[in-house]
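Enquirer: pasting the sequence and the predicted coordinates here, then a few questions.
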Amino acid sequence: MRAPRDETPPDADPPKAGRANEDEGRSRCAARGGEAPSPGGSRPAELHELMGFLLPAFQRMEPVADDAALADRTKAHVTGNDRLTPAEQVDLYRRQFWLRHRDSLLEDYPGLHHVIGEEVFDDLARAYLEAHPPRTPSLRDLGADLIPFAERWGGFPADRREIALDMLRYEHAFIDLFDGPEPEALDAARIASLPEDAWERARIVLSPLLARVRVAYPVHHLRAAVREGEAAPLPDRSPACVAVFRQNLSMRFDELEPAAFDLLEALAAGVPLVAACERVAASLDPAEADALGARVGAWFQAWTARKWIVSVEV
């Protein structure tokens, strides 16, 4: 098993918990049109009415000033000034709403942007945000529905659709790992105390800071090159099994042997260790199956060292 690649360039910021500190989060929510306060709170009814008007206005695709009736209603809530009409003032924030959320998606999916280009990325972002407007105050969750949306979206260039979806699924794996809670360390003493027959039914618990992605294109190398500012031509098709994990506040990836990947998938699904090994062995040719036992031992040493295994349940 090769040494894992550090996906975080030396000059990159550390992973961001929730994308913003508390003060910045409040600022982002105010500018981005977060959820309206629930009725019945202590705020005046006029504020609820104002937010109920402004949020849909900020989320419009078209300028408010282009809708005469809406522009007229705006006068009841926004004063305007000597340079801008009320509708033009609202449009300033409407444009910021789209730009801020588009830029947030770009921050999460730089590899996807590289694969499909500026124009298609903007089309995807606008279509997605129109279908799935933000529903939480945190920008962290902005792309929560992007994978199923993109899988149905018809705007990808035909020759880049597969690699684009590969890249999207790979990059999406990073989001929860950035700020997921650190699991407790594996209890070595408990493991050593397990009787030999317990391993027949033992279930291996994997770290929540480990994700597994099977790709048809080597998007893991492509994304690393993009983030490090290197030349990054689109690669040829070359299937790979990739583990993405967080270690020492850095995001890393490791390309796995298919059999190792399949074993991790079975363990993640709750298959007991012995049964999982038997399942993987059944998919191999006889020579590979015979050698599996020795390979599993080496894999488990590496996985334990990287804290991919956090517990054993019997």
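Expert: Received the coordinates, thanks.
Enquirer: quick check: which ranges of this structure have low pLDDT?
Expert: Counting by pLDDT under 70, the chain contains low-confidence ranges at 1-44, 57, 59-61, 91, 95.
Enquirer: give the residue farthest from the middle of it.
Expert: residue 82 (44.1 Å; C-alpha atoms, centre = their mean).
Enquirer: check whether that one sits in a helix, strand or coil.
Expert: Taken by DSSP: H, G, I helix; E, B strand; the rest coil, the conformation at residue 82 corresponds to coil.
Enquirer: got the contact list for it?
Expert: Listed by C-beta atoms under 8 Å, 6 or more residues apart in numbering, the contact set of residue 82 is empty. No exception for glycine: its C-beta is placed from N, CA and C like everyone else's.
Enquirer: where do the helices sit along the stretch 1-150 of the chain?
Expert: Secondary structure of the stretch 1-150 of the chain (DSSP state H, counting those that start in this stretch): helices at 22-32, 45-58, 68-74, 86-108, 110-131, 146-152.
Enquirer: next, format these as a markdown table and append distance to residue 282 and mean neighbour count.
Expert: Listed next are these as a markdown table, based on distance: least, C-beta to C-beta, whole Å; neighbours: other C-beta atoms under 10 Å:
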| stretch | distance to residue 282 | mean neighbour count |
| --- | --- | --- |
| helix 22-32 | 50 | 14 |
| helix 45-58 | 55 | 15 |
| helix 68-74 | 64 | 15 |
| helix 86-108 | 38 | 18 |
| helix 110-131 | 35 | 18 |
| helix 146-152 | 31 | 15 |
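Enquirer: save these as TSV, and put in distance to residue 165 too.
Expert: Output for these, formatted as TSV (distance: least, C-beta to C-beta, whole Å):
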stretch	distance to residue 165
helix 22-32	27
helix 45-58	30
helix 68-74	37
helix 86-108	15
helix 110-131	9
helix 146-152	6
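Enquirer: which residues of the stretch 201-314 of the chain fall in strands?
Expert: With DSSP state E, counting those that start in this stretch as the criterion, the stretch 201-314 of the chain has strands at 203-206, 210-215, 240-247, 250-256, 309-313.
Enquirer: same list (these) but as JSON lines, adding mean neighbour count and distance to residue 51.
Expert: What follows is these, written out as JSON lines (neighbours: other C-beta atoms under 10 Å; distance: least, C-beta to C-beta, whole Å):
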{"stretch": "strand 203-206", "mean neighbour count": "18", "distance to residue 51": "43"}
{"stretch": "strand 210-215", "mean neighbour count": "20", "distance to residue 51": "37"}
{"stretch": "strand 240-247", "mean neighbour count": "21", "distance to residue 51": "37"}
{"stretch": "strand 250-256", "mean neighbour count": "20", "distance to residue 51": "37"}
{"stretch": "strand 309-313", "mean neighbour count": "16", "distance to residue 51": "43"}
